[in-house]
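Asker: the sequence and its predicted three-dimensional model are supplied below.
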Amino acid sequence: MIVQDSPSGSRRFVMTMEQHTAFADRLADAFGNETFSAIGNESVRYVIANHDAGWRKVDPDVHINPKTNLPYHLAETPFEYTSQTMRGSPDFNAQHDALAGLISSMHTAGC
């Protein structure tokens, strides 16, 4: 999940990674104008819409950070959960095609 950073006691916006990828896909759909091209590569568009697909198995079981009493932010999520996503996202995208799997692996590795 993505948990907005805000002052203590303030309301925070929380979104699942699936909501995040859906938003990224909408941005990619709107990308491009007379100055620069739209994203035309189908594999790249697929990865944009599915780059965090491995979180689909993790996010429904909301894990609460005892320090904040909020869901764990993706960067603070314990390894036992993120390890599932690190492999799940590239594996999911690789089923589409090899380029999608490679791009997703690079995203997961932080390249």
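Answerer: Structure's in. What do you need? Numbers count the residues shown, from 1 in each chain.
Asker: what's the closest non-adjacent residue to the spatially most central residue of the chain?
Answerer: The structure's the chain has its C-alpha centroid closest to residue 52; by CA atoms, centre = their mean the separation is 3.5 Å. Once flanking residues are discounted, residue 52 sits nearest to residue 17: 4.1 Å by CB to CB, 6 or more residues apart in numbering. All C-beta atoms are positioned from the backbone trio N, CA, C, and that covers glycine.
Asker: low-scoring stretches of the chain, by residue?
Answerer: Along the chain, the parts satisfying pLDDT under 70 run over 111.
Asker: buried residues in the helix ranked longest in it?
Answerer: Looking across the chain with DSSP state H, the single longest helix is helix 79-94. Neighbour counts over helix 79-94 (16 or more other CB atoms under 10 Å) mark 81, 82, 85, 88, 89, 90, 92, 93, 94 as buried.
Asker: and of the residues you listed, the nearest to residue 31?
Answerer: Nearest to residue 31 among these: residue 93, at 19.3 Å, using CB to CB.
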